[in-house]
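1. Have a look; sequence and predicted model below, questions after that.
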Amino acid sequence: MFKMRMMACLLAAACGFSTNSAYGQGTPGKPGNNDQSNPTKGDQKAGAQMKDAMLATHLMLDGQKQIAVSKVAAQRAQNKAVKEFAAAEIKEHQDFKQKLEAIGLKPLVMISHAQDDSQTTPGDKKQAPATNAQDPTNPQGQGASGQAGPQGSPVHGILQVRKELAEQCTVSIVNMLNKKEEAKFDKAYIGTQLTAHMELWDTVQVFKKHASPDLRRVLEEAHPVIEQHLQRLHQIMGELEGTPSKTQSSSAPDR
């Protein structure tokens, strides 16, 4: 009986040790401690950097979509103002990406350039070209099992779904535009841009509340540009419809 009790105590101690180790419950200040009540400055900095990287990834994915769609418009648009806007949109998003990279922000998922192909046909989603670029979420090239590196983490998985969504939306918009007759193409493209810019205005407005000072500065610089684009889009749409619109004076997009 005594031996059985001793075995039970040993097993209980072993199970308790394993559980504490697995869940990071250890002595405060020692490895394995996962006390969230007093995060270190290092933890706070790492968390802020990850948040910025996630926000930047979202913005870059949307930017890549805008570039791909606008490249189609730059080739197919008939109206001079529409062509000029498409060219300006491409440059703005390329410049914005460079500004994000200048403060050390890069996408947490691979952003494919496959959607830049303006010859995409309805129902045809081209495969992204092979690349040897390193995934910043998996610097050591670890597998997706989650055993080492963040590639298999829930955050990485969510961003991969976000990337898939952006790519699918790009294909759908490009295919829709490619089905438009020449006379209807310009108006369809400007319509997509009005929606995209209103969403972008709101996105930047919200992201500023959660960004670090460096990223917030970049977003604050972008806001007036988005407003200018919205004003120009309303003007172009009015011209295409034969009813020139009034210049927007509000700081918020006209719904």
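-> Sure, I can see it.
2. number of nearby residues for Glu164?
-> 12 (other CB atoms under 10 Å). The way it works is simple: take the backbone N, C-alpha and C, and place the C-beta from them, glycine included.
3. quick one: it and Asn178, what's the gap?
-> 21 Å (CB to CB, to the nearest Å).
4. Could you say which helix or strand holds the residue nearest to Ala88 when sequence neighbours are not counted?
-> Excluding the flanking residues, the one nearest Ala88 by CB to CB, 6 or more residues apart in numbering is His229, at 7.9 Å. Using DSSP states H and E, His229 falls within helix 213-241.
5. List the buried residues in stretch 76-94.
-> Arg76, Ala77, Asn79, Val82, Lys83, Phe85, Ala86, Ala88, Glu89, Ile90, Glu92, His93 (16 or more other CB atoms under 10 Å).
6. pLDDT of the helix holding His229, averaged?
-> For helix 213-241, mean pLDDT is 96.
7. quick one: Leu159 and Ser153 touch, right?
-> No. Using CB atoms under 8 Å, Leu159 makes no contact with Ser153, being 9.6 Å away.
8. So which residues of this protein form helices?
-> Along the chain, the segments classed as helices by DSSP state H run 2-22, 41-76, 80-102, 154-178, 182-207, 213-241.
9. so can I have CSV of those helices showing distance to Met110?
-> Formatted as CSV, the helices of the chain follow (distance: least, CB to CB, whole Å):
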stretch, distance to Met110
helix 2-22, 32
helix 41-76, 10
helix 80-102, 14
helix 154-178, 8
helix 182-207, 21
helix 213-241, 21
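10. Which one, of those, ends up nearest to Val109?
-> helix 154-178 (4.8 Å; CB to CB).
11. rank the helices of the chain by mean pLDDT and give me the bottom one.
-> helix 2-22 (a mean of 44).
12. Let me see the contact set for Leu219.
-> Contacts for Leu219 (CB atoms under 8 Å, 6 or more residues apart in numbering) come out as Val204, Phe207, Lys208, Ala211.
13. so who does Gly191 touch?
-> Here Gly191 is in contact with Met237 (CB under 8 Å, 6+ apart).
14. do that again at 10 Å, thanks
-> Leu233, Met237, Leu240 (CB atoms under 10 Å, 6 or more residues apart in numbering).
15. if I pick the second one, what's in contact with it?
-> For Met237, the contacting residues are Val82, Asp186, Lys187, Ile190, Gly191, Gln193, Leu194, Thr243, Pro244, Ser245, by CB under 10 Å, 6+ apart.
16. Since that was my last question, I'll sign off now.
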